[in-house]
Structure formats: structure tokens, C-alpha cells
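Chemist: my questions concern the predicted model and sequence given below.
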Amino acid sequence: MIELAHPWLLLLLPLPVLVVWGVPALQRKRVAVRVPNLQRLARVTGGTPAPGAVVVRRGALQTALLAVVWALVVVALAQPQHILPPITKELPTRDLLLAVDLSGSMEARDFTDASGAVVERLDAVKQVLDGFLARRDGDRVGLLVFGTAAFVQAPFTADLDVVRELLGETRVRMAGPQTVIGDAIGLALTVFERSEVEERVLILLTDGNDTGSLVPPERAAEIARDQGVVIHTVAVGDPAAVGEDALDAESLAAVARKTGGRAYFAGDREGLEGIYVELDALNPRRVETLSHRPRQDRFHWPLGGAVGLVLAVLAARELRGAWRRSRALADPVPPEAEAA
């Protein structure tokens, strides 16, 4: 589709007519010169000698050509543009951060994989999270792991294949044997500081209790609430465990409650899959759609047509003049013309 960027410039189209009607014709005095062989000179130039003033009038063809050239120039000034099909871009409106516990207790073999074989807790978690990430296509997701310390594995990115690959490379104890839930929440808040969207969600998975964070988990949850971060907690493992491996479900529930999130517990793979299906439904993919229609200038089309038409007229005039001159030089001058 072609549109004009400045259609009001088309008002200039009748300007030459107004100039012809309102501006008097140019009058110029010239000195007459008497030359010999006037008839021959007239034949060469194509003119006819006549006494008195001469008013040069354009022919209909010349007037039409000038009108077409003027119209093409005005259209070029109006800047015709080719409107291309719209380009749509989807921007995620939510940043989702996954925090995964890699402490020593995650090596307990009390979960099963998709085939039913007994595997470590972390292996089952990675398989379930991989399916969860596969359903988040188009979202921005980040990955954080924690043990004795917390580390950012992947900042927020829409390239979920990278996040899934980094998740698959995680191993038990690679972040240390302990569990620092409060520090993990604190690091997550620093990651969210770079986020420019309003809706920010942290899904924290652990099978233990906080064993040495600088900031207690519930205090970290209060800070997260003040910063608008919602935390969903997922507790896995054996609720009857004791010691450093004990599962502190009450603390995790308090963390979720303070931020407006939900607390879940999964004792097996099926329960864990159900939790992430529910989280998937609770946090559906949301995007902001931006649409843009590119424009390509086409002013060179009418401008090129005007220039080409002028050049064609000038070339035709030169060829006509050359032809007349060659004819005049080739034809002998009649004796009576020389006598005159």
C-alpha cells in the first residue's frame, strides 16, 4: 500500500496555472541585427523572419509535458511511502526466577524418574523443572542455585534452551553441602533489581531448612514483599527427617505467606509434577504486544520519472536541431535566395 507522508503538498499542483494567470508575460528588448543570407539562416534555425514583437507561445504538447513534470515533482515532495505488513513483537511482562537447592540432602534416592526408576531427588527435580521450562516458551526466566552459598546460573533470558541446559549441568553439593535459604532470597532480590517489569515471581525449591544464612528467610521475605516480589515455596523430601536435613515446612510456608505466594509440599515425583502444573496455571504466560508497520520511501519514483521525461525532451530537441542543421547544409541555396 502506498501513502503520502505530506499529502497537503498536493495543494501546490495548481500553482503554475495561478502564476500564468496572475503574472504578466516577460517582455525583453533586443537589438536588431542585419545579417546577410537571412533566408539561409532562417532555414538553419527553423525560424521565420517577421517584423515587430514576437510572443513565444508553447504548443499543447509542450504544455502537457510541463504539467506532467510539475505534477511528478509535487508528488515526490509529498513523499510517497510503501507501507509494509506490520511487524509484531511480544515482550514478556513477568520475570520468573527459579531457585534450586543443591545441598547434600538432595542426593537422597527417594524419588523416581519418568520410567519409574529410583533416582536422586535432584535428578527428579531437574526432569520436572525441564518440562516446566518447556511450557514457558516466550517468558523470561532466570536460574539460581544455592547450598552453602547462592549463585546465579542464568540471568533473566527468553532463551529457555540455555536455562534448561544450565539446569541439566547442576550437581549435588556443587554450591556446598549446607542450605542458605535466606541468602538465596537475598541474591534473588539483587537479580530482580535489574528487572524492568512489574510482575516478578520467585519459585524456591528446597528439601531442608536454613542452616546459616546471614539474613533469616522470613526477614528476607519481608524485604521481598516490600520490593513487590512474590515467592512460591516448594518443599520436597521427607518431612520426618531430623538434624540438618530436617524439612522446615513452617518457615517455608511463612516465607510464601508474607509475599502473597503459595507453599507446596511434594513427597514424590507425581506430587512435584502436580505442583509445577499448578504453578504453570497460576502464572500463565503474559506478554505485551508491540506492532510496527515499516515504511519505505518511494519519492525517487516520481522524481526519477520527472528527470527522465525532461532528459528525453531535451534529447529529442537536440536530435531535431541536429537533423535540421544537417538538412540545411546538405541542400543547395537557390540562386534567387542568394540574390536577395
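Modeler: Yep, it's here. Quantities reported herein were computed from a predicted structural model and do not represent experimental measurements.

Chemist: quick one: the helices in this protein?
Modeler: 15-22, 38-45, 60-77, 121-134, 160-168, 181-192, 217-226, 249-259, 269-282, 300-330, 335-339 (DSSP state H).

Chemist: residues contacting Arg225?
Modeler: Shown in contact with Arg225 (C-beta atoms under 8 Å, 6 or more residues apart in numbering): Lys258, Thr259, Gly260. All C-beta spots, glycine's among them, are computed from the backbone N, C-alpha and C.

Chemist: just the buried ones from those, in ChimeraX syntax?
Modeler: Applying 16 or more other C-beta atoms under 10 Å to the contacts of Arg225, the buried members can be selected in ChimeraX as follows:
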select :258,259
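
Chemist: take the contacts of Arg225 and lay them out in CSV including pLDDT and distance to Ala99.
Modeler: Below are the contacts of Arg225 laid out as CSV (pLDDT from 0 to 100; distance: C-beta to C-beta, whole Å):
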residue, pLDDT, distance to Ala99
Lys258, 94, 16
Thr259, 94, 13
Gly260, 92, 17
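
Chemist: deepest-packed of the helices of the chain, please.
Modeler: Neighbour counts (mean count of other C-beta atoms under 10 Å) averaged over each of these peak at helix 181-192, with a mean of 22.

Chemist: now stretch 42-54: average pLDDT?
Modeler: Per-residue pLDDT values over stretch 42-54 give a mean of 66.

Chemist: one more: stretch 3-15?
Modeler: 89.

Chemist: now do it: distance from first to last residue.
Modeler: End-to-end distance for stretch 3-15: 23 Å, by C-alpha to C-alpha, to the nearest Å.

Chemist: list of residues touching it?
Modeler: Residues outside stretch 3-15 that contact it (C-beta under 8 Å, 6+ apart) are Trp70, Ala71, Val74, Val75, Leu77, Ala78, Gln79, Pro80, Gln81, Ile83, Arg295.

Chemist: of the contacts of Arg225, closest to Phe156?
Modeler: Ranked by distance to Phe156 (C-beta to C-beta), these are led by Thr259 at 18.5 Å.

Chemist: show me the shaky parts of the stretch 151-300 of the chain.
Modeler: Applying pLDDT under 70 to the stretch 151-300 of the chain picks out residues 242-244, 282-291.

Chemist: which one is Ile185 nearest to, not counting chain neighbours?
Modeler: Nearest in space to Ile185, with sequence neighbours left out and distances taken as C-beta to C-beta, 6 or more residues apart in numbering, is Ala220 at 3.8 Å.

Chemist: that neighbour touches Thr190, doesn't it?
Modeler: No. Applying C-beta atoms under 8 Å as the test, Ala220 and Thr190 come out as separate, 11.5 Å apart.

Chemist: I figured Val75 was touching Pro302, is that so?
Modeler: Yes. When contacts are counted by C-beta under 8 Å, Val75 is listed as touching Pro302 (4.3 Å).

Chemist: pull the contacting residues for the residue nearest to Ile185.
Modeler: Ala220 touches Ile181, Gly182, Asp183, Ile185, Gly186, Leu189, Ser213, Val255, counting by C-beta under 8 Å, 6+ apart.

Chemist: ok, Phe265 next?
Modeler: By C-beta under 8 Å, 6+ apart, the residues touching Phe265 are Val234, Ala235, Val236, Pro239, Ala249, Gly271.

Chemist: beta-bridge partners for it, please?
Modeler: Ala235 (DSSP bridges).

Chemist: and it, how far from Ala281?
Modeler: Separation of Phe265 from Ala281 (C-beta to C-beta, to the nearest Å) stands at 18 Å.

Chemist: next one: Arg171
Modeler: Taking C-beta to C-beta, one finds Arg171 at 31 Å from Ala281.

Chemist: can you check Leu205 too?
Modeler: Distance of Leu205 to Ala281, computed by C-beta to C-beta: 18 Å.

Chemist: and stretch 225-232, how far from the chain's centre?
Modeler: In terms of C-alpha atoms, centre = their mean, to the nearest Å, the gap separating the centre of stretch 225-232 from the centre of its chain is 30 Å.

Chemist: export it as CSV, just CAs?
Modeler: Taking Å, rounded to 0.1, in the frame of the first residue of the first chain, the C-alpha atoms of stretch 225-232 are listed here in CSV:
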residue,chain,number,x,y,z
ARG,A,225,7.3,-8.2,49.8
ASP,A,226,8.4,-4.5,50.0
GLN,A,227,10.0,-4.8,46.6
GLY,A,228,7.0,-6.4,45.0
VAL,A,229,8.4,-9.9,44.6
VAL,A,230,6.1,-12.9,45.1
ILE,A,231,7.7,-16.1,46.4
HIS,A,232,6.2,-19.6,45.9
